[in-house]
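Engineer: What follows is a predicted protein model with its sequence.
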Amino acid sequence: MAVCVAFCPVAAHADWQPVEIIKTYAIAGTSGAKLYDSIGERGPLLGPKARAIAHTDFKLTWTRKYEPQPDGACTITVNIPKVIITYTLPKPTAQLPASTRKSWQKFIAGVEAHERVHGGFIKDMVKEIETMSVGFSVPDDPKCSRIRVELTKRLGEISKKERQRNVDFDKVEFSDGGNLQQLVLKLVREE
């Protein structure tokens, strides 16, 4: 059972841009330490008990057209992604004193930059899926059923690779001396 990728002209490489949304959650406090405590109490849940400072999530849908070919193969002839990336960031509810405001601004700029790296990984994944599936074809599939199974396998591999990139990136960022660890220390110390 062979699977091949045919590079025939298809309506797949449409120009697409992700929709990027910033959501905030309210935190309390007027000092760096109190703000960070509030993040620990109110941050996005990553599990039953674990909370994050911020979070990047996405919704990915595709407009695809699977077409039976005269030779009995099935080919994807239309493949257009729609991706919505949502960044969830903390936002103080109180007016901050000048010294805290300055350290908060540095902290939140660094956190947002970190989350946008995660967003970049999502965009890379979508591009990889698009490139891999443009003209994707499975022989002996006149009802276009096997192609979906084969595509799902490949998408799973690409998705797994994207998740691992995120884990590896966070491991570096939160390590001793890592960027996010430093941002947190500077916020709490109000540097």
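Structural biologist: Everything's here; your move. Numbering: from 1, shown residues only.
Engineer: what about the helices in the chain?
Structural biologist: Counting by DSSP state H, one finds helices in the chain at the ranges 32-42, 98-133, 146-173, 179-189.
Engineer: closest to Asp71 out of those?
Structural biologist: The closest of the helices of the chain to Asp71 is helix 146-173. By Cβ to Cβ, the value is 13.8 Å. Quick note: C-beta positions are derived from backbone N, CA and C, even for glycine.
Engineer: got a list of what the most centrally placed residue in the chain touches?
Structural biologist: Centroid check for the chain by Cα atoms, centre = their mean gives Ile122 as the closest residue, at 3.9 Å. The contact partners of Ile122, by Cβ atoms under 8 Å, 6 or more residues apart in numbering, come to Pro18, Thr56, Phe58, Leu60, Val83, Ile85, Glu162.
Engineer: Next, count neighbours for the fourth one.
Structural biologist: What that stands for is Leu60. 16 (other Cβ atoms under 10 Å).
Engineer: And it, how far from Phe107?
Structural biologist: Taking Cβ to Cβ, to the nearest Å as the measure, Leu60 falls 30 Å from Phe107.
Engineer: Over to Arg189?
Structural biologist: Distance from Arg189 to Phe107, by Cβ to Cβ: 11 Å.
Engineer: Looking at the two, which one has more neighbours?
Structural biologist: Neighbours per residue, other Cβ under 10 Å: of Arg189 and Phe107, the larger number sits with Phe107, 26 against 10.
Engineer: Mind listing the shared neighbours of Arg189 and Phe107?
Structural biologist: With Cβ under 8 Å, 6+ apart, Arg189 and Phe107 have common neighbours Gly32.
Engineer: how much space between the residue lying closest to Arg146 once chain neighbours are set aside and Lys160?
Structural biologist: Once flanking residues are discounted, Arg146 sits nearest to Val138: 5.1 Å by Cβ to Cβ, 6 or more residues apart in numbering. Distance of Val138 to Lys160, computed by Cβ to Cβ: 21 Å.
Engineer: With neighbour numbers in mind, choose between these two.
Structural biologist: Val138 (25 against 10).
Engineer: what's across from that one in the sheet?
Structural biologist: Cys74 (DSSP bridges).
Engineer: Could you do Thr56 as well?
Structural biologist: Tyr87.
Engineer: Gln69: which of the helices of the chain is closest?
Structural biologist: Comparing the helices of the chain by Cβ to Cβ, helix 146-173 comes nearest, at 10.8 Å.
Engineer: what pLDDT, on average, does stretch 71-87 get?
Structural biologist: Taken as a whole, stretch 71-87 has an average pLDDT of 95.
Engineer: what's the answer for stretch 34-49, then?
Structural biologist: For stretch 34-49, the per-residue pLDDT averages 91.
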